[in-house]
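Participant: could you look at this predicted model? Sequence included:
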Amino acid sequence: MPLGPSELILRSDQSIYHLALHPGDLADTVFLVGDPARVPLVSRHFDTVELTKTNREFVTHTGTLTGKRISVLSTGMGAGNIDIALNEIDALFNIDFETREIQKELRSIRLIRLGTSGGIQRDLPLDSIVRTDWAIGFDGLLNFYDQSAAARTNMISSTSVINAFNAHVEQAKWMPECYAFAGDSGLMKQYDDPDIASGITTTQPGFYAPQQRMLRLNPRNPNLMHALETFRFGESQILNMEMETACIYGMAHLLGHQPLSISAILANRITGAFSKNPEQTINRLIETALSKFAT
Ligand SMILES: O=P(O)(O)O[C@H]1O[C@H](CO)[C@@H](O)[C@H]1O
Ligand SMILES: O=c1cc[nH]c(=O)[nH]1
């Protein structure tokens, strides 16, 4: 059945509603960044740039690096933007915009987030780089999706992570139910590096109370950070918190894509310190990630 005009929304030039892109505009490796201003910081390393597009917070550059086609796209901040970005990126590959039908042969692409985050382990140095092996979502986005089709991916181990997590962190009834997804195993192997720490990342539905920050308002659960800091799953611990990774992992798995998230640690939420040179750290994150793509 063709998708109706208010499900698959196309603009007058037949590009997709929010990203303003056409099928074919994205490479099958897309680096995802939160900040639109980070897009040119990534694409300045490309050998060629064939496409630049901006709509709202969604900025896209596509080109080549060492002969391989590559895209970088900004998602903006938070779960709501990831819902839009991931559904629309998938549509560009897996929906026929003319017939409005889902393609018979589905494509699976690589989605690699390059983000910033706050460390939640005292001994995790500022300006370090973290690979997310497991992401735990506090944002609730994935709870709106039917996850029965994801049983083939990693739901069994997701269940054991989330059971262990729920046993450790008391889930107040006003909080959305937490969920967990792993990074893609092939990409995790590719990004194995002694200079990249690896562990669990939590994705929060905001920057202030959801990350236990206080300006004029107090968080409702003052013990959350300590509970997260002390959680262990086998050898793994929660290293950092930010606002998109679990949504990207969850949506990518449900849609059959391959996700990975790598973050720069700009804040240490236990010591209260903040990076003295965030720009330099973000550039190092970008260069590290692109060098792994290029080889
Ligand atoms: O630097 P980006 O990729 O935006 O990521 C982090 O920074 C933003 C908050 O400052 C949130 O989006 C958070 O996830
Ligand atoms: O502490 C931080 C730093 C960057 N991004 C976040 O979401 N939290």
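Facilitator: Received, thanks. Ligands and ions are numbered 1, 2, ... in the order given.
Participant: switch to C-alpha atoms for all contacts and neighbour counts from now on
Facilitator: Will do.
Participant: around ligand 2, pick out the residues from this structure.
Facilitator: Listed as neighbours of ligand 2 in the chain under the rule C-alpha under 6 Å from any ligand atom: 116-118, 207, 242-243, 266-267.
Participant: turn those residues into JSON lines, including secondary structure.
Facilitator: Formatted as JSON lines, those follow (DSSP: H, G, I helix; E, B strand; the rest coil):
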{"residue": "Thr116", "secondary structure": "strand"}
{"residue": "Ser117", "secondary structure": "strand"}
{"residue": "Gly118", "secondary structure": "strand"}
{"residue": "Phe207", "secondary structure": "coil"}
{"residue": "Glu242", "secondary structure": "strand"}
{"residue": "Met243", "secondary structure": "coil"}
{"residue": "Leu266", "secondary structure": "strand"}
{"residue": "Ala267", "secondary structure": "strand"}
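Participant: for ChimeraX, write the select line for the buried members of the residues you listed.
Facilitator: Those of these that count as buried under 16 or more other C-alpha atoms under 10 Å are selected in ChimeraX with:
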select :116,117,118,207,242,243,266,267
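Participant: the residues of the chain next to ligand 2: which ones sit near ligand 1?
Facilitator: Filtering those for proximity to ligand 1 (criterion: C-alpha under 6 Å from any ligand atom) leaves 116-117, 242-243.
Participant: ok, the residue most central in space within the chain to ligand 2 distance?
Facilitator: Centroid-nearest residue in the chain: Thr245, 3.2 Å away (criterion: C-alpha atoms, centre = their mean). Look at Thr245 and ligand 2: by C-alpha to the nearest ligand atom, to the nearest Å, they are 10 Å apart.
Participant: list the contacts for that residue?
Facilitator: Applying C-alpha atoms under 8 Å, 6 or more residues apart in numbering, we find Thr245 in contact with 113, 135, 201-203, 261.
Participant: what would the ones next to ligand 1 among the residues of the chain next to ligand 2 look like in TSV with pLDDT and distance to Leu126?
Facilitator: Below are those laid out as TSV (pLDDT from 0 to 100; distance: C-alpha to C-alpha, whole Å):
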residue	pLDDT	distance to Leu126
Thr116	98	11
Ser117	98	10
Glu242	98	15
Met243	98	18
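Participant: for the helix-or-strand element of the chain with minimal mean pLDDT, packing partners?
Facilitator: For the chain, the helix or strand with the lowest mean confidence is helix 155-168, at a mean of 84 (criterion: mean pLDDT, DSSP states H and E). Here helix 155-168 touches strand 179-182, strand 232-233, going by 3 or more C-alpha pairs under 8 Å, 6 or more residues apart in numbering; DSSP states H and E.
Participant: give me that answer again for 10 Å
Facilitator: For helix 155-168, the elements it packs on are strand 129-137, strand 179-182, helix 224-229, strand 232-233, judged by 3 or more C-alpha pairs under 10 Å, 6 or more residues apart in numbering; DSSP states H and E.
Participant: run the contact check for the longest one versus ligand 1.
Facilitator: Okay, so that is strand 129-137. No. If you take C-alpha under 6 Å from any ligand atom as the test, strand 129-137 misses ligand 1, and the best it gets is 12.0 Å.
Participant: show me what that strand pairs with in its sheet, parallel or antiparallel.
Facilitator: Here strand 129-137 has these sheet partners by DSSP bridges: strand 179-182 (antiparallel), strand 196-203 (parallel), strand 258-268 (antiparallel).
Participant: what does the stretch 101-250 of the chain have sitting close to ligand 1?
Facilitator: Within reach of ligand 1 by C-alpha under 6 Å from any ligand atom, the stretch 101-250 of the chain has these residues: 115-117, 242-244.
Participant: low-confidence ranges in the stretch 101-250 of the chain?
Facilitator: Counting by pLDDT under 70, the stretch 101-250 of the chain has low-confidence residues at 149-157.
Participant: name all residues that make contact with the residue nearest to Ser236 when sequence neighbours are not counted.
Facilitator: Using C-alpha to C-alpha, 6 or more residues apart in numbering and skipping residues adjacent in sequence, the residue nearest Ser236 is Gly199, 5.6 Å away. Contact analysis of Gly199 by C-alpha atoms under 10 Å, 6 or more residues apart in numbering lists 130-135, 233, 235-240.
Participant: repeat that for 8 Å
Facilitator: Neighbour list for Gly199: 130-134, 236-239 [criterion: C-alpha under 8 Å, 6+ apart].
Participant: can you redo the residues you listed as JSON lines with neighbour count?
Facilitator: Shown next, in JSON lines, are the contacts of Gly199 (neighbours: other C-alpha atoms under 10 Å):
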{"residue": "Val130", "neighbour count": "26"}
{"residue": "Arg131", "neighbour count": "25"}
{"residue": "Thr132", "neighbour count": "29"}
{"residue": "Asp133", "neighbour count": "20"}
{"residue": "Trp134", "neighbour count": "26"}
{"residue": "Ser236", "neighbour count": "13"}
{"residue": "Gln237", "neighbour count": "19"}
{"residue": "Ile238", "neighbour count": "24"}
{"residue": "Leu239", "neighbour count": "26"}
